[in-house]
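> Got a sequence here, can you model it:
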Amino acid sequence: MNDIEELRRRGLLVTDKKYKQLLAGTLLMVILPCVFFLIGMFLAMYAQYAPQYGYEIFIAGTILLIVSLVILLFNLAYAFLQFLPRLRLYQDYKKHPEDFEQI
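Residues are numbered from 1 along each chain as shown. You can find the predicted model right below:
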């Protein structure tokens, strides 16, 4: 059994379709918490312009900001540990397939 078949059997070398799914999932895992982080930041900043509900808006924005930041950090760690090695191996395989063939 050569290296390519062994890597595919272990699930480390992915197909083109799976590569695109992993890349889209990784981007979604990073972009979505960033959007909520920005929304929380703008809510916290908007609180000074809403004098009637300013305190409540500030608290809600701050909570959304903190929760989004924690989720973003968790997603980044998960993506780097789980998805990035498979994505990188696929890119290396596409650039230099001869390196993965058994001599």
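
> show me the biggest helix of this protein in terms of residues.
helix 16-46 (DSSP state H).

> Determine how far it lies from the middle of the whole chain.
What separates the centre of helix 16-46 from the centre of its chain is 7 Å, taken as Cα atoms, centre = their mean, to the nearest Å.

> could you point out which element follows that helix?
In the C-terminal direction, the helix or strand that comes right after helix 16-46 (DSSP states H and E) is helix 54-78.

> which residues touch that next one?
29-30, 33-34, 36-37, 39-48, 50 (Cβ atoms under 8 Å, 6 or more residues apart in numbering). Every residue, glycine included, has its C-beta placed from N, CA and C.

> picking up where we left off before, show me what the longest helix of the chain is packed up against.
Using 3 or more Cβ pairs under 8 Å, 6 or more residues apart in numbering; DSSP states H and E as the contact definition, the elements that helix 16-46 packs against are helix 54-78, helix 84-95.

> Now stretch 15-29: buried residues?
Within stretch 15-29, the residues that count as buried by 16 or more other Cβ atoms under 10 Å are 19, 22, 26, 29.

> any weak-confidence spans in this protein?
In the prediction, the chain carries residues with pLDDT under 70 at positions 1-12, 99-103.
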